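Undergrad: Got a sequence here, can you model it:
(2 chains)
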Amino acid sequence: MRRRGNLILGGALVALIVAAGLLAPVIAGSAAFAQNLGNAMLPPSAAHWLGTDQYGRDLFARIVYGARISLFEVALGVGMAMAAGIPAGLVAGWFGALTDEVIGWSTNILFAFPGIILAILIVSVLGPGLFNLLLAIAIFSVPVYVRLTRNLTLALKQIDYVEAARSTGASTARVLFQHVLRNALPPLLVQATLTAGTVILAAASLSFLGLGAQPPLPEWGAMMSSARDLLGVDNDLSLFPGLAITVAVLGFNLLGDGVRDLLDPHRGVRG
Amino acid sequence: MGRYVGRKLLALPLVLLGVSFLVFGAIRLLPGDPARIMAGDQATGEAIAGMRHRLGLDKPFLLQYGLFLTQAAQGDFGISIRSKQPVLSEVTRRFPYTVALASSAYGFAIVIGTVAGVVAAVRGGWVDHLVMAMTILAASTANFWLALVGMMVFAVELDWLPLLGAGSPAHYVLPTAALGLLPTAIIARMTRSGMLDALRQDHVRTARAKGLRETVVTLRHALRNALIPIVTIVGLNFGGLLGGAVVTETVFNWPGIGSLLVDSVRDRDYPMIEALVLLSVFSVVIVNLIADAAIALLDPRLRLG
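TA: Predicted structure coming up:
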């Protein structure tokens, strides 16, 4: 019962973020960007549901627009990590031997880095900015996909229909992508959902430090960074973007947990 | 146990060598020219060439790496661009602050997380649901948001705690809570599931059948077994804790190596960045090794196997 609850709540929160992201230009329009110093730091009202920021921009509009940026972060961060990690994992698991050793060692070295610190190192070289940040986040997320895909490939290699496809003379690439990858996809997608939360948190943290999205982009972490000096003056400017982060991350985490439990009936029930 | 930890010890120099190569290579081989960046936007070609020479960037890459390793082995990580001081002296001055904050956060997380996990597993029902819901919420919250909320409430509004800096024990409260939140949640979950497993096992049933009191059964027999996953997760999560420390230290102006790293990135202080990243990775590797050894001590199957 609780598992169903997680799935439904997670799905609803993710749906909310996706809807906000897709409809942002309609809901938020230009209010997220248009500055009007005469309207600076207004309290919440009917015209401005969450009030305005220090440049007179509507806070609600900016948070809605932030959902669009978060979806972009997830798509690019998770997408790049999967694009690099899955082929490497397939190759390591399929060919084994030296290939597996080399790929295994490379992932071990990447795993030794604390994610945020590796991202900071990469951003320090490439320069701050949202794209460089997402590239950095993707790099530290790659090892998870390599390891997961490798282990799935090792298991699937033994299964009859994969053996059968090999014996009918299908090319290695065809077997890997059509038979192995297709069956490895459900656990990989669960992992992707769980990584989505991590990506949003990491991107917000680094943008908060000034190393990711730059103002005036309404990225939630960047918004909190510029609101930091107004602590005690206008707390809403820090409070609401942070709540938005929690809603988005919670949604992806619950959804990921819920789907994983659905796929694996042995997990979840009190233990 | 000797063999188990020994194998990890043997791999250690290789991992450290790989890491140092990656950090060193990242700064020199990725697009983006440290000499140009450090010389500034207005620099002439000559000034950039001068900077390149000063940094030794005009030497062949492998020679640079060899020199770096030789000097680093002697404790020489170069001169900080920002402070003009030797990198090592600034790092050793600030490292203890990070160790103190990280220990405080881990101490908090281990105590609260273990208690919450045991209570959730033993009591079940709504207590279990509440603890689980809180851990999911905690794992989904940005630590800098929690830090800002803590500052708003306890430092600005109520004026109970200092806002920024380090110094008195009171300075530890908010940073410890902000940094300790995520490990608390993770430890609570691990303890809960470890306890649920342990409580179902034969030796626990035997202890109960012997007529031992329930508290003794829970603490002596079940929790002891549940300790193994807790130690594992404390080791595995240490890197995450260091990453969290970068953000937490910056929010609270905590004078540790995390805030130093952020300042160094802003000022493009590459010798400092290099040393700090290496130091964090080394600490992660060492802490994991200690955790592995502790697990081997706790688990007779590994100790005797």
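
Undergrad: all contacts plus neighbour counts: C-alpha atoms, from now on.
TA: Fine.

Undergrad: Which residue is the nearest non-sequential neighbour of B:Val251?
TA: Closest residue in space to B:Val251, ignoring its immediate chain neighbours: B:Phe144 at 6.8 Å, by C-alpha to C-alpha, 6 or more residues apart in numbering or on different chains.

Undergrad: Can you list the low-confidence ranges for the stretch 201-305 of chain B?
TA: Applying pLDDT under 70 to the stretch 201-305 of chain B flags the ranges B:301-305.

Undergrad: rewinding a little: pull up the per-residue confidence for the residue nearest to B:Val251.
TA: The confidence metric pLDDT takes the value 93 at B:Phe144.

Undergrad: so it touches B:Val247, yeah?
TA: Yes: with contact defined as C-alpha atoms under 8 Å, B:Phe144 counts as touching B:Val247 (6.6 Å).

Undergrad: list the residues that contact both of the two?
TA: Listed as contacting both B:Phe144 and B:Val247 by C-alpha atoms under 8 Å, 6 or more residues apart in numbering or on different chains are A:Ser205.

Undergrad: Helices of the stretch 1-150 of chain B, start to end?
TA: Assigned by DSSP state H, counting those that start in this stretch, the stretch 1-150 of chain B shows helices spanning B:2-29, B:34-39, B:45-54, B:61-73, B:87-123, B:125-139, B:143-150.

Undergrad: I'd like to know which of those lies nearest to B:Ser193.
TA: Of all the helices of the stretch 1-150 of chain B, it is helix B:87-123 that lies closest to B:Ser193, at 7.3 Å by C-alpha to C-alpha.

Undergrad: could you check whether that closest one is close to chain A?
TA: No: Helix B:87-123 lies out of reach of chain A by C-alpha under 8 Å from any C-alpha of the partner chain, never closer than 8.7 Å.

Undergrad: now that helix against helix B:61-73, angle please.
TA: 80 degrees (axes from the mean of the first three to the mean of the last three C-alpha atoms, to 10 degrees).

Undergrad: same for helix B:87-123, what does it pack against?
TA: Based on contacts counted as 3 or more C-alpha pairs under 8 Å, 6 or more residues apart in numbering or on different chains; DSSP states H and E, the elements that helix B:87-123 packs against are helix B:125-139, helix B:170-199, helix B:238-252, helix B:257-266, helix B:270-298.

Undergrad: got the buried residues for stretch B:42-52?
TA: For stretch B:42-52, burial by neighbour count (16 or more other C-alpha atoms under 10 Å in any protein chain shown) applies to B:Ile48, B:Ala49, B:Met51, B:Arg52.

Undergrad: Those into TSV, with extra columns for pLDDT and distance to B:Ala185?
TA: Output for those, formatted as TSV (pLDDT from 0 to 100; distance: C-alpha to C-alpha, whole Å):
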residue	pLDDT	distance to B:Ala185
B:Ile48	83	49
B:Ala49	84	51
B:Met51	79	48
B:Arg52	79	47
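
Undergrad: Can you pull the residues of the stretch 101-250 of chain B lying near chain A?
TA: Counting by C-alpha under 8 Å from any C-alpha, the stretch 101-250 of chain B comes close to chain A at B:136-137, B:139-142, B:144-145, B:148-149, B:152, B:156-157, B:192-193, B:196-197, B:239-240, B:242-244, B:247, B:250.

Undergrad: Buried only: go through the residues you listed for me.
TA: Buried subset of those (neighbour count, 16+ other C-alpha under 10 Å): B:136-137, B:139-142, B:144-145, B:148-149, B:152, B:156, B:192-193, B:196-197, B:239-240, B:242-244, B:247, B:250.
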